[in-house]
Structures are given as structure tokens and as C-alpha cells.
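Student: Give me the fold of what follows.
(2 chains)
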Amino acid sequence: MSAPSVRRTRAFERTLDRTGDRVVAAAIGLREMAAFALITLGVLVTKFGASRRVVHPMIFAQIRQAGLRLLPMMVFLGLALGLLIIGQTVALLSRVGAQAYIGTVMVSVLVRELGPLLTAVVVLARAGTANVVELGTMRAAREIGALEALGIDPIHYLVMPRMLGLAISVFCLATYLVLVAIVSGWVFAFVQDVPLRPAAYFGQLGDALRWQDFALFGLKTFLFGVVIAIVSCHHGLARPLRFEEISSATERTVVAGLVACVLLDVIFLVGYVFV
Amino acid sequence: MSRQPLIELQRVDVAHEDAPHQVVLHGVTWTIAEGDWWVVCGGPASGKTALLTVAAGLAPASGGELQILGADPRRASESEQMALRRRIGFVFEGGGRLLGRLSVAENLALPLSYHGELEADAVRERVEALLARAELEAVAGLSPGRLSPALQQRVALLRAVAAPVRVLFLDDPLRGLAPSHVHWWLSFLSDLRDERLAAGEPLALVASAYEFAPWRDHADRWATLEDGRLQVLPRLPGPEGRRTEARQAPPAEGA
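Tutor: Numbering: from 1, shown residues only, chains lettered A, B, ... in the order given. I've put the predicted structure just below:
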């Protein structure tokens, strides 16, 4: 075999090795995160009522931090959605005489997909990154070991409140986002002189919504919050960290969180087909 | 009357805290009984912290038998391990690893509130009493990061003794402290030990150190860590036998 051919073969082998290493590392990371999620679920079931004087206020603090503080941002995004998507879509459908599909389009686009996913992305960017920095700093400062020395379960004290707080926050924020977008969408359509009466607009929405949409919206947003909490807490807590590694852990959290949320969204998409 | 053993190590191998496969101490056989005041002396990287964390049940032993308050931590369930840890106090070196997002008072209140041993008012009173005893009332509302390392270490000691622990581990508590702080620590520990003895609940103290000198008038059990072995000394070594003390401690940090 000629020298250039040998070099090409070795380069190909190295590429295969690197790809294999990454796949194996990703599989191990996924397994660790699944184990972390199961442990957290176990703690939630067995210790939810324990130390409520300390832990339950932390759930409310998380809702305040990840939910209430993000409300202005969600109102802004709802207005933007109303203007950019809903208003435009309503105007377009009206021009081609397809007003009858407004409700179906709104429910499919906003309630099922865009509202929950956009909310999850915003919460991941704001609260998920804050979580990984806070927990990573605690880990790097070895405060987690100090908690264990005091007989305090870090999963119960640090992860469980974040998981519940984020799950509730994503559900509430997504609800507000959808409501603001629906109302502002009609307002922008009205501004564009679209002949659509409020009663007809909201009536179509009501007709298009089924009870499964409410159930799946609640389940989906709740699970988005759980996923964001698990991913961010896992990256902050599960492995030993040095202070200089926190920024890269935060980057990994955003990527892993986005991928996890999109995959979850895909699973729900399949669910919508069968429901 | 023989004193009740609280912690027993039989031929235990101790690994480095950050490298579980790297054994730093071999075949440690050691008994900590109620009322003991141990000082374990060793040079840098001799395995002092690793030994204390294993003996306190915070890290697993690599081999051998370990009994903490009559239980084997390896066979204990998670809840049993947590219960054991509530009876063992540990003061970490270098500022005591206080929780940076909580105030000094909240750091002290956390273990008491979390374990629900006291009502909220009783927790507040207990925290105020501890802070007053350590002359730290003025810093109760401050974040630990605003305190000097010496005062952080003092708060960590208060946090460890807030609960009625039976054994108190102190990882190199006097390292880098000014003489006034050293005096405060030794007085506090002596008084605490006397109080617990008078109350019929003898407290065992285990401190690691670079040198025996500051502890001479207070501790009563001595051991050294040399060449990967724990050597229990029958009596405090004199100047000619103080091989460990010949190794100088690292420079003081922020006392």
C-alpha cells in the first residue's frame, strides 16, 4: 500500500476512534443523567414531606426566581409572538378566505408547540444556567461535602426544590405566554383591518381545543421544567468540578437542555398524532 | 472504668479524597473512645484529611473494618448513614466550607432546622447563644465570604457543635491562625469538653495538626502519620522525638 493511502487509512481510523469515543461518552453521560433523574424521583417520593420548614420555602423561592421574575419577559415574548406569528397568520388566512382554520392553526402552532418550547428555552437560558453556576460553585467550593457531613441530603435540599419549582414555573409561564399571544394576536389582526370579530376568533379557538390539548399542555410544560432542572442540576452537582470548569459546564447544560427539550417535544408530537 | 469505643478502625486502608484508588494510609488500626482528645500529627500530604473523613464516615474505607457508633457505614442504609452523621461533627480546614449563599446565622440554623430537632424559636435562641459564646453576634447577618478565614473557621466550629454530637473531628483547625485565635480555639474546645463531661455525655475530640506543640496542655491522646502508617504514641514525644514537628507547616493563610 502506498504511503498516502496508509496516511488516509490512519486518518480515517483516528476519525472513527474519536467519533466512537464521543458516542460512548454521550451514552455514559445519558446513563448518568438517567440515574440522577431516578434518584431525584426517589427522593421526591420518599422525602417530599421531610424537613418541610427548610425545603418547602425553597420551592417557592425557585418559583419566584424562575417564574415570577421571568413574567415580564414572557409578556414581551407573548406580544412579539402575537405580532409576528399570530397576527400575520390570521391576516393571511383571512385574505385567502380560510378563516375557518384559524383556530386549528393557532392551537397547533401556539398551544401545542411554540408556547411550551419557547418557554422552556427561555427558562433554560435564564434559570437553568443560574442553577448550574450556583450548584457548580457549591461543588467546586466543596460545600456539598459539608452538607453531607451535616446529615443533609443534597438531592433533597438542592435538587428537589429546583425540580418542583421549575416544573410549576414552566407550566405557569407557558400559560401566560399563550394567553398573551392569543389576545395580542387578535389585537394585531384588528389593527390590520382583518374582518374578524372577537367572538368568532375566540369561538374558533375554543372549538379547536380538545381536553387532550389541556392535559398534554400541562404534562409537557411540567416535564420541560423537570428536564431543565435535572440537566442543570446534574451538570452542576453530579461530577467533581473546579471553578474554572463551571463556564464549560454551563455551556454543556444549555446544549444538553435544548436537545433534551426538543427530543421530549418530538415524543409529544408522536403522542399528538395518536390522541 | 473503660470508656466506650465510639469509632473503631481495624486494618483500614485510607484512600486520597480526590483519588479513590490511591491509598495513602495502610492498615490503620485505631480506636476513638468517648472522652478522648486525639491529636493526629502529620506533614503535608500525609493523609490527615483522608484519615479524618474516613473515620467520620464521610468517605468510604478502601479496606478493613470500620465501626462508627456501633454501626458499619458500608452496610448502613442511606437514612442510617445520615443519622450517624448527625452524631458526628466535622470542621473542614480552610474556612470550614460554609454555605456561601446563606448568612452566618442561617448557616448555623440550617442543620437544626433541617433535622427538625427544634422549633423555629428554639433554633433562633440556640443560634444566638452560639454566636454570643463565640463573640460573633455582630456578624450574624453577614455572608461568610465577608469574614476572615479565621472567623469562617470559628463559625464552622459552631455549626458542627450546634447539634449534640458525640465525636467532633477538626481538620487542622489551628493552621495559619494568629496566637489569639489559637488561644480561643483551645479554650473553647476545653470548655466544651468539660461541659459535656459534667453533663454525663463525654465528647470525643479528634484534631489533625502539623505539630503537637499548641495542643500539649489540652489533648491526651497522640498519633503520627508517617510513611503511610498511623502510629499511636504511648505518650507525647519530647523534643528529641518530634520528627513530625521538624517538618515545618506551610505558610499561614489569612489568620
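Student: Could you use CA atoms for every contact and neighbour count after this?
Tutor: Fine.
Student: which ones are touching whichever residue of the stretch 51-200 of chain B sits closest to chain A?
Tutor: Distance from chain A to each residue of the stretch 51-200 of chain B (CA to the nearest CA) is smallest for B:Met82, at 4.6 Å. By CA atoms under 8 Å, 6 or more residues apart in numbering or on different chains, B:Met82 lies in contact with A:148, A:151-153.
Student: Select only the buried ones of those residues in PyMOL?
Tutor: The PyMOL selection below is limited to those of these classed as buried (16 or more other CA atoms under 10 Å in any protein chain shown):
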select buried, chain A and resi 148+151+152+153
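Student: Now, the contacts of B:Met82 that are in helices?
Tutor: Among these, the residues falling in helices (DSSP state H) are A:Glu148.
Student: Now render the contacts of B:Met82 as a markdown table, adding distance to chain B and pLDDT.
Tutor: Converted to a markdown table, those look like this (distance: CA to the nearest CA, whole Å; pLDDT from 0 to 100):
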| residue | distance to chain B | pLDDT |
| --- | --- | --- |
| A:Glu148 | 8 | 92 |
| A:Gly151 | 5 | 91 |
| A:Ile152 | 7 | 93 |
| A:Asp153 | 8 | 92 |
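Student: how about the contacts of B:Met82 in a markdown table, adding distance to A:Asp207?
Tutor: As requested, the contacts of B:Met82 are arranged in a markdown table below (distance: CA to CA, whole Å):
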| residue | distance to A:Asp207 |
| --- | --- |
| A:Glu148 | 54 |
| A:Gly151 | 54 |
| A:Ile152 | 51 |
| A:Asp153 | 48 |
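Student: other SSEs contacting the helix or strand harbouring A:Arg8?
Tutor: Taking DSSP states H and E as the definition, one finds A:Arg8 inside helix A:3-47. Using 3 or more CA pairs under 8 Å, 6 or more residues apart in numbering or on different chains; DSSP states H and E as the contact test, the elements touching helix A:3-47 are helix A:160-191, helix A:211-237.
Student: Figure out which of the ones you listed is closest to A:Val6.
Tutor: Closest of the helices and strands packed on helix A:3-47 to A:Val6 is helix A:211-237, at 40.9 Å (criterion: CA to CA).
Student: Please name every helix or strand in contact with the helix or strand just after that closest one.
Tutor: Next along the chain after helix A:211-237, taking DSSP H and E as the criterion, comes helix A:246-274. Secondary-structure packing of helix A:246-274 (3+ CA pairs under 8 Å, 6+ apart): helix A:115-123, helix A:129-140, helix A:211-237.
Student: And helix A:246-274, how far out from the chain middle?
Tutor: Computed by CA atoms, centre = their mean, to the nearest Å, the separation of helix A:246-274 from the middle of its chain amounts to 7 Å.
Student: for the record, mean pLDDT for that helix?
Tutor: Averaged across helix A:246-274, pLDDT comes to 90.
Student: can you pull the pLDDT of A:Leu30?
Tutor: According to the model's per-residue confidence, A:Leu30 sits at a pLDDT of 89.
Student: What of B:Glu253?
Tutor: Spelled out, the predicted local distance difference test score at B:Glu253 is 40.
Student: Same question for B:Glu240.
Tutor: According to the model, B:Glu240 scores 45 on pLDDT.
Student: Check A:Ile86 too.
Tutor: 74.
Student: In contact with it, which residues?
Tutor: For A:Ile86, the set of contacting residues under the criterion of CA under 8 Å, 6+ apart consists of A:106, A:181-182, A:185-186.
Student: Tell me the one among these nearest to B:Ala204.
Tutor: Among the contacts of A:Ile86, and counting by CA to CA, the member closest to B:Ala204 is A:Ala181, at 65.1 Å.
Student: what about the closest one, distance to B:Leu203?
Tutor: With distances taken as CA to CA, to the nearest Å, A:Ala181 is found 65 Å from B:Leu203.
Student: could you give the mean pLDDT of whichever strand or helix holds the residue of the stretch 51-200 of chain B closest to chain A?
Tutor: B:Met82 belongs to helix B:78-85 when assigned by DSSP H and E. Over the span of helix B:78-85, the pLDDT mean works out to 85.
Student: That helix: which residues count as buried?
Tutor: Taking 16+ other CA under 10 Å as the neighbour-count basis, helix B:78-85 is seen to contain the buried residues B:81-85.
Student: Next secondary structure element downstream of that helix?
Tutor: The next secondary structure element downstream of helix B:78-85 (using DSSP H and E) turns out to be strand B:88-91.
Student: List the contacts of that following strand.
Tutor: Taking CA under 8 Å, 6+ apart as the criterion, the residues outside strand B:88-91 that touch it are A:149-150, B:56, B:153, B:156-157, B:160-161, B:165-171, B:173.
Student: before we move on, what about stretch B:227-237?
Tutor: Applying CA under 8 Å, 6+ apart, the set of residues contacting stretch B:227-237 is B:24-30, B:46-47, B:216, B:221-225.
Student: Pull out the buried residues from the residues you listed.
Tutor: Buried residues within the contacts of stretch B:227-237, counting neighbours by 16+ other CA under 10 Å: B:24-30, B:46-47, B:221-225.
Student: Check which helices and strands the strand or helix carrying B:Leu108 is in contact with.
Tutor: For B:Leu108, the host element (DSSP H and E) is helix B:104-114. Helix B:104-114 sits against helix A:52-66, helix B:120-133, helix B:149-161, with contacts defined as 3+ CA pairs under 8 Å, 6+ apart.
Student: one step back: which one among the contacts of B:Met82 gets closest to A:Val259?
Tutor: For these, the residue nearest A:Val259 by CA to CA is A:Asp153; the value is 29.0 Å.
Student: Thank you kindly, that will do.
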